[in-house]
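> no FASTA, just this:
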């Protein structure tokens, strides 16, 4: 990760940590970089979510791009996966998504995508950062400035692509959608309606300030209540930029990303489509997922936390499905990033193909109780690598055996060590987490 860009773009509070000047300069650099790289005018596509500040950043990016001679194609309010898709299929040099995903409205972010619709490579990101810090110069274009192009057609093309993904009619299936007052507001209902579902939508009145506010996948309790009250067959909740999806079964129970990995992984295996017989998870997937996968003979990879690392693993290994408990699910045959709406369509496919309700499909994944505690430390490497701390962790792992697990990892952004235990009861989890933290404390690693 660089100075400004993390694993999910340049993110911060709008006009405080992430300013319109940053956006102009990012546009200036990218317009020049891709133009100079290929010796012709660069062509870059931009999408945004429903935050009020997204309009400011959109215009600032366009200003920078045009000043460097690039043409900026504007998809307007749309989802992150739609920008990734259009960047790839319509031969753009680069894609930009303006969103802070599931964060509150006052935050925003700028995500950069390469011409394949994948997250931008580290080398290019570092060059962007060097320009932000005035370490390199970018020439001014005087006569051959760029222009903006209304590209709502790209969003419509993506909607058509999603509709084409379904193998079944959704006729008479009652579906609830929580679009989080976000980017899927203008897309999701149209897709489900076109496929014949009886679609019921909540949180679909974005005003620039209410994205993710007490709604969407981070506040799924509202969709749970809605599904039960309306007697719906299933519900799907998205986040602000719709790159993640969580489900609610017909009984009002939450179906997490871990459940989705199991449900669709098994569906692929049964049809001979699960290449390598593997599902890609992160280290934060629940122990219950691994137990369920073991029972059906499916293997798994574990990556660092972040859909970036999940996708990298899939590219390297050829594995076809991976994701996070939070609902970032990647179907690499169809997309280069997590796509909440596509995930919901894939869950509908399994329900209809098997003729089973979501509750029955998810039932084999029984979540283990989990306790996670964060401890602030003087030095993360010193605490993590202390022989006594490592011995304490090994002792817990041995005592848990096959009935649980312990995970100790460093925060990527804070001076914090995270200690997590999953086991048969909350009491067991608390006991073992505290044992490890006591050793960290006794060895003098705690801050303050």
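Cool, got the structure. Model, not experiment: these values are computed from the prediction.

> where does pLDDT dip in this protein?
The chain contains residues with pLDDT under 70 at 1, 412-413.

> what residue of it is the furthest out?
residue 143 (40.5 Å; Cα atoms, centre = their mean).

> quick one: the strands in the stretch 251-400 of the chain?
254-255, 278-282, 299-303, 321-323, 329-331, 370-376 (DSSP state E, counting those that start in this stretch).

> highest average neighbour count across the ones you listed?
strand 321-323 (a mean of 27; mean count of other Cβ atoms under 10 Å). Quick note: C-beta positions are derived from backbone N, CA and C, even for glycine.

> residues contacting the longest helix along the chain, please?
Criterion DSSP state H: the longest helix present in the chain is helix 20-38. Helix 20-38 has contacts (Cβ atoms under 8 Å, 6 or more residues apart in numbering) with 4, 10, 41-42, 44, 56-57, 60-70, 72, 93-94, 96, 110, 112, 124, 127-128, 131-132, 138-139, 146.

> for residue 343, find the nearest of the strands of the stretch 251-400 of the chain.
strand 329-331 (4.6 Å; Cβ to Cβ).

> what's that closest one packed up against?
The contact analysis (3 or more Cβ pairs under 8 Å, 6 or more residues apart in numbering; DSSP states H and E) places strand 329-331 against helix 257-270, helix 307-317, strand 321-323, helix 340-354.

> most packed of the ones you listed?
Neighbour counts (mean count of other Cβ under 10 Å) averaged over each of the helices and strands packed on strand 329-331 peak at strand 321-323, with a mean of 27.

> that one - contacts with which helices or strands?
Counting contacts by 3+ Cβ pairs under 8 Å, 6+ apart, strand 321-323 is packed against helix 257-270, strand 278-282, helix 307-317, strand 329-331.

> quick check, distance from the strand or helix carrying residue 45 to the centre of its chain.
Taking DSSP states H and E as the criterion, residue 45 maps to strand 43-48. Distance of strand 43-48 from its chain centroid, counting by Cα atoms, centre = their mean, to the nearest Å, is 19 Å.

> ok, it: who's next to it in the sheet?
Within its sheet, strand 43-48 is paired with strand 71-77 (parallel), strand 94-98 (parallel), according to DSSP bridges.

> need those in TSV with distance to residue 252, can you?
Listed next are the strands paired with strand 43-48 as TSV, based on distance: least, Cβ to Cβ, whole Å:
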stretch	distance to residue 252
strand 71-77	30
strand 94-98	32
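
> picking up where we left off before, any chance of the helices and strands packed on strand 321-323 in CSV, plus distance to residue 48?
Formatted as CSV, the helices and strands packed on strand 321-323 follow (distance: least, Cβ to Cβ, whole Å):
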stretch, distance to residue 48
helix 257-270, 25
strand 278-282, 28
helix 307-317, 20
strand 329-331, 22
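
> pull out the buried positions in the helix or strand following the strand holding residue 45.
Per DSSP H and E, strand 43-48 leads on to helix 52-67 as the next helix or strand towards the C-terminus. Neighbour-count burial for helix 52-67, with 16 or more other Cβ atoms under 10 Å as criterion, is recorded at 53-54, 56-67.

> what of stretch 31-47?
Those would be 31-35, 41-47, for stretch 31-47 by 16+ other Cβ under 10 Å.

> same deal with stretch 216-232?
For stretch 216-232, the neighbour count (16+ other Cβ under 10 Å) marks 216-220, 222-224, 226-228, 232 as buried.

> do the same with stretch 411-423
Under 16+ other Cβ under 10 Å, the buried positions of stretch 411-423 are 416-423.
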